[in-house]
Each structure stands twice: as C-alpha cells, then as structure tokens.
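Asks: Quick one, fold the following:
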Amino acid sequence: MKKLNVGVIGLGTIGSGVVKALKEKRHIIAERSGVDLVLSYACDTRRSKGRRLGLPSGIFTVDPQDLIKSDKIDVIVELIGGHHPAKELIVQALKNGKHVVTANKALLATDINELLAVARKSGRQLKFEASVCGGIPIIKSLCEGLVANKVDSFYGIINGTSNYLLTKMREESLSFFEALALAKKKGYAERNPRFDVEGIDAAHKLVILMFLAFAKLIPLEKVFREGISDISELDIKYAHEMGLVIKPLAIAKKVGDDLEARVHPTLLPRNHMLAAVNGVFNAVLCRGDMVGDMLFYGRGAGSFPTASAIISDLVDLGKGRTPESFFVSAAKPRVKRVRRLDEIVSNYYLRFTALDKPGVLARIAGVLGKHHIGIAQVSQKEYRRAKFVPVVMITDRAREKDLRRALDDIDKLAIVKSKTVKIRMEDI
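Replies: I've put the predicted structure just below:
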C-alpha cells in the first residue's frame with residue numbers, strides 16, 4: 001500500500017475539516033483507494049487551533065517552515081488563503097520536492113501559470129480540485145472525464161452566498177439587506193461579504209475553469225462583474241410573475257475565436273435546470289462537443305465538502321495520476337480575445353419608474369426603437385394614487401452597447417423618475 005505523509009498549513013474552517021477527515025477516515029480511504037494518508041504535521045499561527053483539534057505537540061507547529069523543510073512530508077496542503085505568504089510557501093514547498101494541494105482560488109486566478117511552471121520544473125504536482133465548487137469534482141471531470149471533448153461554454157452558480165441571498169429574497173419576500181443579515185446569522189456570509197456579493201469570488205473560480213477549458217489564463221480585469229446588491233425584491237417578484245428566476249450566474253462561452261467572460265445576476269426561465277439550484281448549493285452546466293450538456297451539482301463550500309475534494313487530490317497523488325499541469329501545458333489556446341461587454345447580445349429585463357399618464361410607454365418605446373431595440377413583452381404595474389408607477393419590459397435580443405445608449409437617453413427624460421433597472425437574460 002502506498003503511504004503519503006501529509007502536512008496541513010492553515011487550520012481554519014477547511015483545514016480543520018481536512019485534519020478531521022485524515023484522522024477519522026484514514027482506514028476507509030486506505031481500503032477504498034490503496035493509499036494510506038498519514039497526517040504527519042499541521043500548522044497554524046494560533047495554538048488554540050491545535051488544542052481544539054486535539055493535535056499533540058509532535059504533530060502541531062506554529063511555524064510553516066517546519067513542514068516545508070521536513071524530510072518526512074510528501075505533500076503540503078495549503079489552506080491559509082490569499083496571495084501572501086501563501087504563494088511563497090507553495091513555491092518553497094514545490095522547490096523542496098513536495099507536492100502541493102491548495103484550495104486558494106484567489107491566488108490561482110492570477111498566478112496559476114507561474115505556479116504550474118514551478119511544479120513542472122521541480123518534478124512535483126500542484127493540485128487544486130477544491131478551488132472551484134467545493135465538493136463538486138468539476139476540475140477532475142474537465143481534465144479526465146471530458147478529456148476528449150471541446151468544452152465551449154460554462155454557466156455556473158458558483159457562489160453559494162449569492163445564491164442563498166437571492167433564494168431567500170424570492171422565497172420569503174426579503175430585501176437584500178434582510179437576506180444578508182439572515183445569511184450572516186446562519187454562517188453563510190462573511191462579516192464583510194464583498195467578495196461574494198460583488199462577484200469577485202465567482203470571477204476567481206470562472207478564471208480557473210476557463211484556464212482548463214480554453215488553455216488560456218484570462219486576466220481578472222477582463223471578466224465583467226456585476227454584483228447582486230442592487231437587486232430588488234420587486235424585480236424578483238415581477239420576474240416570478242413572468243415565469244423567470246434571477247440567479248447569480250458566471251458565464252464563459254466561446255463565440256468563434258472570441259470568449260465571453262462575465263459574472264452577473266441573470267434571468268433564467270423558471271423551468272430551466274439551473275433555476276432549481278437554490279440556497280447555498282452550486283451547479284455548473286458545461287457543454288461538450290461529444291457529451292452535450294452536463295450538469296454538476298452539489299455543495300460548493302463548507303468544511304467537509306471542500307475537505308472531500310482535498311482528500312481526492314491527495315489520493316490522486318498517492319496513485320501517481322497525471323497532473324492538471326500536463327493537461328494544460330500540452331494544449332494550444334482555444335480563444336484569441338475576450339469580448340468587451342458592449343459586444344454581447346442578449347435579451348434584457350428593464351424596469352422603469354415612469355409617470356402614470358398616456359403616451360409615456362410610447363415615448364420609452366420610441367427611444368428604444370431609435371437604438372434598434374425591440375420590445376417582446378411589457379407590463380405596467382398598478383400603484384393606486386401613485387404619480388410614478390413601475391413599467392416592466394422584456395426586450396428582443398439587442399447589443400449591450402445599443403441598450404446602454406438607449407437607457408442613457410431614457411433616464412434623462414422627465415417622465416422617468418429614477419435610473420432604469422437592467423437585468424440580462426440568458427438563452428441557454
């Protein structure tokens with residue numbers, strides 16, 4: 001039986017889950033895989049973490065260099081997150097002849113090429129299944145199960161916090177801030193939820209998926225991001241009346257030699273499979289030229305789901321399986337450029353707050369028509385004795401650039417009270 005000595009750096013939520021899994025499931029993992037995963041060292045700057053996990057002094061340390069310089073460690077599991085000192089520790093570990101497993105999506109989204117190059121030069125492996133969608137084996141599927149496919153698109157709900165917020169807003173008629181307070185109370189949102197609600201976390205994950213599918217590292221600044229904090233319970237209600245659901249979607253799709261890469265709230269038909277993904281659950285719909293559509297669904301975060309993915313990477317190392325770095329390095333980039341947002345074509349949900357008098361709808365429609373935008377559906381919501389009322393429209397397919405110009409003109413009209421709400425729709 002192959003024995004693999006493991007050192008874990010970082011004993012937060014995920015690191016604690018990994019340590020517990022290595023201690024409690026060692027024998028069942030060995031029986032099923034033929035790999036004996038041995039927890040040889042664990043590190044955290046907080047001694048209380050070691051005590052809480054019942055780690056003896058011979059295994060626990062506060063100095064990560066004890067793991068990196070140890071001759072008895074085969075693989076380092078890096079779970080401290082962020083760029084520094086995580087990047088330096090990963091590079092050190094690889095150069096010292098150790099494999100590395102990480103869940104550090106923020107670092108990988110910017111430095112994956114550099115880190116994989118260090119791994120190749122050192123003859124070691126860098127594994128990162130846990131960096132995208134927690135316990136969902138999406139990376140292994142792309143690199144192994146779908147290796148014969150050209151995957152041309154991803155549509156993903158890959159941030160559980162945002163999905164939970166929109167789910168609660170719909171199910172319980174909560175405002176964004178009421179839903180956020182509930183998420184924090186239940187532990188589903190960080191104290192500062194910016195990375196989740198502004199789409200930054202999802203953009204990191206999308207960059208990693210695009211790197212694997214299209215063999216090109218897309219700079220984060222090329223990924224359009226729009227958060228969910230401006231979504232109103234009114235829009236969720238009106239969308240529901242139209243048979244639509246708002247989801248926090250990460251989208252990557254190949255159009256010719258171009259790539260669309262964006263993260264934003266998106267309207268989907270209520271009967272679409274992604275519309276049924278609720279709460280903190282994640283899902284990725286990918287389209288391969290041989291298999292067609294495939295949906296990957298499950299828990300995308302949390303201690304044990306993420307630890308499950310890390311254990312999978314450790315077993316792969318024990319079995320000597322081909323690393324992801326070989327999969328990517330052998331491939332030529334499949335896209336030439338990332339499309340600007342102005343170039344995308346979509347249907348749009350629009351909500352105007354318009355003066356309640358004859359001729360207003362015709363004026364708004366006239367401005368849209370001037371910019372080559374047709375109207376597929378329109379509904380005026382009745383507000384008793386209100387001077388301004390909500391008017392909801394669904395447009396025909398239109399260029400983002402044309403719509404932006406039209407809304408700039410409409411929002412200047414005296415008959416419109418406030419900035420128009422715009423939500424993109426996706427025909428998947």
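Asks: K332 touches F214, doesn't it?
Replies: No - K332 is beyond contact range of F214, at 10.1 Å (criterion: Cβ atoms under 8 Å). C-beta here means a position set from N, CA and C on the backbone, and glycine is covered the same way.
Asks: So for those two, which sits in the more crowded spot?
Replies: F214 (22 against 6; other Cβ atoms under 10 Å).
Asks: Show the contacting residues for that one.
Replies: 252, 254, 259, 333-335 (Cβ atoms under 8 Å, 6 or more residues apart in numbering).
Asks: One more: G256?
Replies: Residues in contact with G256 (Cβ under 8 Å, 6+ apart): none are found.
Asks: cool, A183 as well?
Replies: By Cβ under 8 Å, 6+ apart, the neighbours of A183 are 161, 164-165, 168, 189, 193.
Asks: How about the secondary structure of the residue of the chain most remote from its centre?
Replies: Within the chain, the residue lying farthest from the chain centre (Cα atoms, centre = their mean) is P358, at 45.2 Å. Secondary structure, DSSP: H, G, I helix; E, B strand; the rest coil: P358 is coil.
Asks: and it, backbone torsions?
Replies: Here the main-chain torsion angles of P358 (degrees, to the nearest 10) amount to phi -60, psi 140.
Asks: Give me the pLDDT value at the most centrally placed residue in the chain.
Replies: Residue closest to the average C-alpha location in the chain (Cα atoms, centre = their mean): A202, at 2.9 Å. If you check A202, the pLDDT there is 98.
Asks: Is it in a helix, a strand, or coil?
Replies: helix.
Asks: Pull the contacting residues for it.
Replies: Contacts of A202 by Cβ under 8 Å, 6+ apart are 156, 158-159, 162, 248, 250, 263.
Asks: Give me the subset of those that lies in strands.
Replies: Secondary structure from DSSP state E places 156, 248, 250, 263 of these in strands.
Asks: so after the lowest-mean-pLDDT helix or strand in the chain, what's the next helix or strand?
Replies: Within the chain, confidence by mean pLDDT, DSSP states H and E is lowest for helix 324-329 among all helices and strands, at a mean of 57. Later in the chain than helix 324-329, the nearest helix or strand by DSSP states H and E is strand 337-338.
Asks: and R32, what element?
Replies: helix 26-33.
Asks: Send over the helix or strand harbouring D313 as PDB, restricted to the C-alpha atoms.
Replies: Element membership for D313 (DSSP H and E) is helix 303-319. Extracted C-alpha coordinates of helix 303-319, given in PDB (Å, rounded to 0.1, in the frame of the first residue of the first chain):
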ATOM      1  CA  SER A 303     -15.600  22.400   5.800                       C
ATOM      2  CA  PHE A 304     -16.400  18.800   4.800                       C
ATOM      3  CA  PRO A 305     -17.400  19.300   1.100                       C
ATOM      4  CA  THR A 306     -14.100  21.100   0.500                       C
ATOM      5  CA  ALA A 307     -12.100  18.600   2.600                       C
ATOM      6  CA  SER A 308     -13.600  15.900   0.400                       C
ATOM      7  CA  ALA A 309     -12.100  17.500  -2.700                       C
ATOM      8  CA  ILE A 310      -8.700  17.800  -1.000                       C
ATOM      9  CA  ILE A 311      -8.700  14.200   0.000                       C
ATOM     10  CA  SER A 312      -9.500  13.300  -3.600                       C
ATOM     11  CA  ASP A 313      -6.400  15.200  -4.700                       C
ATOM     12  CA  LEU A 314      -4.300  13.500  -2.100                       C
ATOM     13  CA  VAL A 315      -5.400  10.100  -3.200                       C
ATOM     14  CA  ASP A 316      -4.500  11.000  -6.800                       C
ATOM     15  CA  LEU A 317      -1.000  12.000  -5.700                       C
ATOM     16  CA  GLY A 318      -0.700   8.700  -3.900                       C
ATOM     17  CA  LYS A 319      -1.700   6.800  -7.100                       C
END
